[in-house]
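Trainee: no letters, just coordinates:
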């Protein structure tokens with residue numbers, strides 16, 4: 001079988017994989033293929049970026065395009081967490097500027113266009129299946145979802161940007177060490193009429209916590225983070241459990257009363273807190289959620305993924321220029337994960353109103369004991 005051969009194959013076309021491709025191709029002309037399981041334009045979770053994101057966008061050469069798109073600034077956060085009163089955290093005095101609420105499809109499209117303009121190739125709707133080691137790299141078996149057709153490609157270097165499941169790392173025998181498993185039940189809605197605060201709203205409840213944000217183009221995202229058993233309740237009877245739980249909130253439900261919404265779309269995403277025991281090898285590296293995945297209570301996923309992509313490009317350049325940078329990137333990932341663990345433990349420990357409920361009791365017990373188990 002004749003195989004296509006690439007210098008670099010990136011498994012995953014989210015912000016992490018796209019940022020790596022851009023950063024790499026800005027510095028050196030290589031043949032780069034991005035393999036993405038979703039089709040172009042499909043819905044993705046994640047629509048917030050901290051002020052510092054602008055620094056990364058400038059490094060990737062897309063800051064001007066970002067400002068031209070229909071993204072919205074956010075004055076900050078309003079939360080009910082650890083007490084019954086509303087607390088506020090804003091970005092008004094941040095020297096980097098405001099936080100951002102993204103039009104996610106435009107944001108992703110901006111990164112895709114930049115990567116393609118620099119020479120990257122993208123296979124949409126294509127899943128990575130497995131791999132075999134070769135003398136000078138790897139052979140990857142892929143399947144096109146639309147055609148249900150398999151193909152084998154060869155590459156000198158693999159980037160695992162496949163998300164929290166870390167599919168490539170798992171295929172070579174490296175399993176992520178996971179501390180916690182949660183689930184996000186997410187509803188996207190269209191706002192027909194009404195006005196409400198542009199602040200991101202967060203509210204802790206006995207079964208988990210809620211997140212709500214107004215997005216560009218009159219869209220609203222509402223999310224509840226829960227354990228698996230509560231997820232089943234939320235999904236019951238066409239998500240009637242979700243609607244009932246949302247009505248029971250004291251803070252976020254007040255915003256929703258001011259808005260008339262329609263076109264509700266529901267999604268479920270797993271949330272893993274974990275890190276790979278091995279993040280890189282001679283001719284592979286894991287980035288973004290594949291390398292280390294965070295609970296959104298203490299992290300900015302898009303920013304972390306983009307930053308990983310930019311930093312990891314140095315390892316790949318070193319590989320092709322015979323200037324190896326072994327474990328340099330891994331050290332950064334591990335330091336950031338240790339800091340994340342502290343921030344996450346602090347955030348959950350602040351909430352003691354439901355200390356005996358399953359959700360909050362499990363969080364504090366896990367984080368106090370640093371429990372780790374393997375993803376099956």
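Mentor: Nice, thanks for sending it over. No experiment lies behind these values; they were computed from the predicted model shown.

Trainee: contacting residues around the spatially most central residue of the chain?
Mentor: Ranked by distance to the mean C-alpha position of the chain (Cα atoms, centre = their mean), the top residue is residue 301 at 4.3 Å. By Cβ atoms under 8 Å, 6 or more residues apart in numbering, the residues touching residue 301 are 46, 289, 294. The C-beta positions use only the backbone N, C-alpha and C, and glycine is treated the same way.

Trainee: swap in residue 190?
Mentor: 218, 219, 220, 261, 262, 263.

Trainee: can we see that at 6 Å?
Mentor: Neighbouring residues of residue 190 by Cβ atoms under 6 Å, 6 or more residues apart in numbering: 262, 263.

Trainee: in what helix or strand does it lie?
Mentor: Using DSSP states H and E, residue 190 maps to strand 177-193.

Trainee: rounded mean pLDDT for that strand, please.
Mentor: Mean per-residue pLDDT for strand 177-193: 95.

Trainee: so how far is the helix or strand following that strand from its chain's centroid?
Mentor: Downstream of strand 177-193, the next assigned helix or strand under DSSP H and E is strand 200-205. Taking Cα atoms, centre = their mean, to the nearest Å, one finds strand 200-205 lying 20 Å from the centre of the chain it belongs to.

Trainee: where does the prediction get shaky in the stretch 251-376 of the chain?
Mentor: Applying pLDDT under 70 to the stretch 251-376 of the chain picks out residues 368-376.

Trainee: let me see the ranges of the helices in it.
Mentor: Using DSSP state H, counting those that start in this stretch, the helices found in the stretch 251-376 of the chain span residues 252-257, 288-291, 301-320, 328-349, 358-369.

Trainee: neighbours around the nearest residue to residue 261 once chain neighbours are set aside, how many?
Mentor: Leaving aside its sequence neighbours, residue 261 sits nearest to residue 189 (Cβ to Cβ, 6 or more residues apart in numbering; 4.0 Å). Neighbour count for residue 189, taken as other Cβ atoms under 10 Å: 19.

Trainee: now residue 189: how far from residue 23?
Mentor: Residue 189 sits at a distance of 35 Å from residue 23 (criterion: Cβ to Cβ, to the nearest Å).

Trainee: if you count neighbours, what's buried in the helix or strand containing residue 140?
Mentor: According to DSSP H and E, residue 140 maps onto strand 137-144. Across strand 137-144, burial judged by 16 or more other Cβ atoms under 10 Å covers 137, 138, 139, 140, 142.
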